[in-house]
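Enquirer: Have a look at this fold, sequence not included:
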C-alpha cells in the first residue's frame, strides 16, 4: 500500500478530530459530549492502527485494542449512569 495514501488518511483523521473537540467543549448535553469522546477514541484507534502498519510493530495494535476496550466500557458506564442514575 502506498505510504502517501496512509499519510493522507492520517491527515484526514486529524481534520475529522477537530469537530469532535468542538462538540466535547460546546456540546449542549452530556450525551453529545460522550458521543464526541467516543468518536475521538475511535479516530485515535484507527490512527494507531495505521501507525502500527507503517512502523511494522504490533505493539501499537495492542495499545489500540486496549484503548478501544476502555472506551467501550467507559461509554457503557456513562450511558448506564445517565439512564438509571447509578452505575452498578
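Expert: That came through fine. Here the structure is a predicted model, which means the values were calculated and not measured. Numbers count the residues shown, from 1 in each chain.
Enquirer: Look up how far residue 17 lies from the residue nearest the centre of the chain.
Expert: For the chain, residue 41 is the residue whose C-alpha lies nearest the centre (CA atoms, centre = their mean; 1.3 Å). For residue 41, the distance to residue 17 equals 11 Å [CB to CB, to the nearest Å]. The way it works is simple: take the backbone N, C-alpha and C, and place the C-beta from them, glycine included.
Enquirer: One more: residue 34?
Expert: In terms of CB to CB, residue 34 sits 16 Å off from residue 17.
Enquirer: Neighbour count: the two, which is higher?
Expert: residue 34 (19 against 15; other CB atoms under 10 Å).
Enquirer: Using the three-state scheme, assign that one.
Expert: With DSSP: H, G, I helix; E, B strand; the rest coil as the basis, residue 34 sits in helix.
Enquirer: Check residue 57 too.
Expert: Here residue 57 is coil, with the state taken from three-state DSSP.
Enquirer: My guess is residue 36 contacts residue 16. True?
Expert: No - using CB atoms under 8 Å, residue 36 is not in contact with residue 16, being 11.5 Å away.
Enquirer: Which one's more surrounded, these two?
Expert: residue 36 (19 against 14).
Enquirer: The residue lying closest to the more buried one once chain neighbours are set aside: neighbour count?
Expert: Distances taken as CB to CB, 6 or more residues apart in numbering place residue 23 nearest to residue 36, at 3.7 Å, with adjacent residues excluded. When neighbours are counted by other CB under 10 Å, residue 23 registers 17.
Enquirer: Go ahead and confirm residue 23 touches residue 30.
Expert: No - with contact defined as CB under 8 Å, residue 23 does not count as touching residue 30 (11.7 Å).
Enquirer: Residue 50 - how many residues pack around it?
Expert: Neighbours of residue 50 (other CB under 10 Å): 18.
Enquirer: pLDDT of stretch 3-22, averaged?
Expert: The pLDDT scores in stretch 3-22 average 92.
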